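> Okay, sequence plus prediction incoming.
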Amino acid sequence: MTARTLRLLRTALPLLLTAVAPVHAADRWSQAEVMTVVMVDNRFEPDHLTFHSGQPYELRLENHGKDLHEFTAPAFLRAATVRDKQVLANGGTDVVVQSGKSVRVFLIPGAKGHYDLHCADHDWDGMVGSITVD
Ligand SMILES: [Cu+2]
């Protein structure tokens, strides 16, 4: 490699990296791992979810029940980076899923730990679960 080629590379490389960086940021969500939670009357399937900290996820909430259900997880949702905040309801504490519908939530979990999950409408009936971020 000549000195001239090296000089050229040194000049061009930062420019190339700058051009590529925004693509990577958008691409992050296309790498999201799908996690599906089915809501029935009245429980979550599965009722325990494990996420890896810093990993992007597409959380698919499918309501197969006859009743409306909610994915209520205030601390988990507050700690997470949520791509589309408009999917959150009740001050960002939960996701409402109508009967027969599904909602996709793109998120990156926050701090490692254990978080509470319940359905605000049916926790009295045992529609509760838990979330671990490791
Ligand atoms: Cu419910």
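Perfect, thanks for sending it.
> which residues does the most centrally placed residue in the chain form a beta bridge with?
Residue closest to the average C-alpha location in the chain (C-alpha atoms, centre = their mean): L107, at 2.3 Å. Taking DSSP bridges as the rule, L107 bridges to Y57, V82.
> Now do the same contact list for it.
By C-beta atoms under 8 Å, 6 or more residues apart in numbering, the residues touching L107 are P56, Y57, L59, L77, A80, T81, V82, R83. C-betas here are computed from N, CA, C, even on glycine.
> R104 too?
Counted by C-beta under 8 Å, 6+ apart, R104 has contacts E58, L59, R60, L61, V87.
> Among the residues you listed, which ones are in strands?
Of the positions in the contacts of R104, E58, L59, R60, L61 sit in strands, assigned by DSSP state E.
> that older thread, can you put the contacts of L107 in JSON lines and add distance to T36 and pLDDT?
Shown next, in JSON lines, are these (distance: C-beta to C-beta, whole Å; pLDDT from 0 to 100):
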{"residue": "P56", "distance to T36": "15", "pLDDT": "97"}
{"residue": "Y57", "distance to T36": "11", "pLDDT": "98"}
{"residue": "L59", "distance to T36": "8", "pLDDT": "98"}
{"residue": "L77", "distance to T36": "18", "pLDDT": "98"}
{"residue": "A80", "distance to T36": "17", "pLDDT": "97"}
{"residue": "T81", "distance to T36": "20", "pLDDT": "97"}
{"residue": "V82", "distance to T36": "18", "pLDDT": "97"}
{"residue": "R83", "distance to T36": "17", "pLDDT": "96"}
